[in-house]
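Visitor: Build the 3D model from these lines:
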Amino acid sequence: MARRSGSQTREAIREAATRLFTERGYADTSVRDIAARAATDPALVIRHFGSKELLFLDTMHLSIDDEPLLDVPLERLGARFVEVLLDSDARTRAIYLAMVQGSGHPQIAARLRETHETSFVQPLRVRMGGDDAEDRARSAAALVGGLLYSLWVVGDQRLAADRDGLVERYGALLQRLLTP
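Guide: The predicted structure is shown next:
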């Protein structure tokens, strides 16, 4: 077998970690598992990334595709935002779940807070007016977080069963915060 360069080894570790973290979550993925999947030594995983937590932070980036939200008038953003969340792909859900599961680790919790700010709070605040825009944006982000928790962490199938009804009801709740 040909010997890999350091950058090739690093990329193989990154690919293996991404796959395992999204399949199993943070807690159920070991450095040994990552090394085995990358066909390398566990010591090289630590050498290249410093720790499992730092490797997790290097590979797990959560973002919501906001393209479908850019041209939606603020008066219709609530329902459309819920639709975009419901249409999120399996990778986005897996990364979100891995981040929630790993949130007991300070750096992962910090990444989750950063994602909350950049993916939810800031984009909403920018589109809203009024003296209380900051508070309403944070409340709206919390409402969205509750929906993600119910659907993706708890797996509430009954809530998800009526997609159109969920978009209508939850979108209306979100809309009340966006445009009171």
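
Visitor: Tell me both backbone torsions, phi and psi, for residue 104.
Guide: phi -70, psi -10 (degrees, to the nearest 10).

Visitor: what separates it from residue 27, distance-wise?
Guide: From residue 104 over to residue 27 the distance is 9 Å, taken as Cβ to Cβ, to the nearest Å. (C-beta placed from N, C-alpha, C; glycine too.)

Visitor: Which secondary structure state does residue 26 sit in?
Guide: coil (DSSP: H, G, I helix; E, B strand; the rest coil).

Visitor: Residue numbering should commence at 170 henceforth.
Guide: Done: numbering now begins at 170, and the last item shifts to residue 195.

Visitor: got the contact list for the closest residue to it other than its chain neighbours?
Guide: Once flanking residues are discounted, residue 195 sits nearest to residue 271: 3.3 Å by Cβ to Cβ, 6 or more residues apart in numbering. With contact taken as Cβ atoms under 8 Å, 6 or more residues apart in numbering, residue 271 is in contact with 194, 195, 196, 222, 225, 277.

Visitor: so the fifth one touches residue 189, yeah?
Guide: No: Residue 225 is beyond contact range of residue 189, at 10.1 Å (criterion: Cβ atoms under 8 Å).

Visitor: Looking at those two, which has the bigger crowd around it?
Guide: In this view residue 225 and residue 189 are compared by other Cβ atoms under 10 Å, and residue 225 has more residues nearby, 24 against 21.

Visitor: Quick check: that one vs residue 321, distance?
Guide: Distance from residue 225 to residue 321, by Cβ to Cβ: 18 Å.

Visitor: same check, this time on residue 334
Guide: Distance from residue 334 to residue 321, by Cβ to Cβ: 19 Å.

Visitor: Residue 188 now?
Guide: 19 Å.

Visitor: now for the strand or helix carrying residue 303, which elements pack on it?
Guide: Secondary structure assignment for residue 303, by DSSP states H and E: helix 302-317. On a contact count with 3 or more Cβ pairs under 8 Å, 6 or more residues apart in numbering; DSSP states H and E, helix 302-317 meets helix 246-255, helix 291-296, helix 332-347.

Visitor: which helices and strands does the last one pack with?
Guide: Other helices and strands packing on helix 332-347, by 3+ Cβ pairs under 8 Å, 6+ apart, are helix 246-255, helix 302-317.

Visitor: what comes into contact with the helix or strand harbouring residue 224?
Guide: Residue 224 is part of helix 221-228 when elements are defined by DSSP H and E. The list of residues contacting helix 221-228 from outside it, by Cβ under 8 Å, 6+ apart, reads 182-183, 186-187, 190, 195, 198-200, 203, 214, 218, 267, 271, 274, 276-277, 280.

Visitor: Give me the buried stretch members for it, please.
Guide: 221, 222, 224, 225, 226, 227, 228 (16 or more other Cβ atoms under 10 Å).
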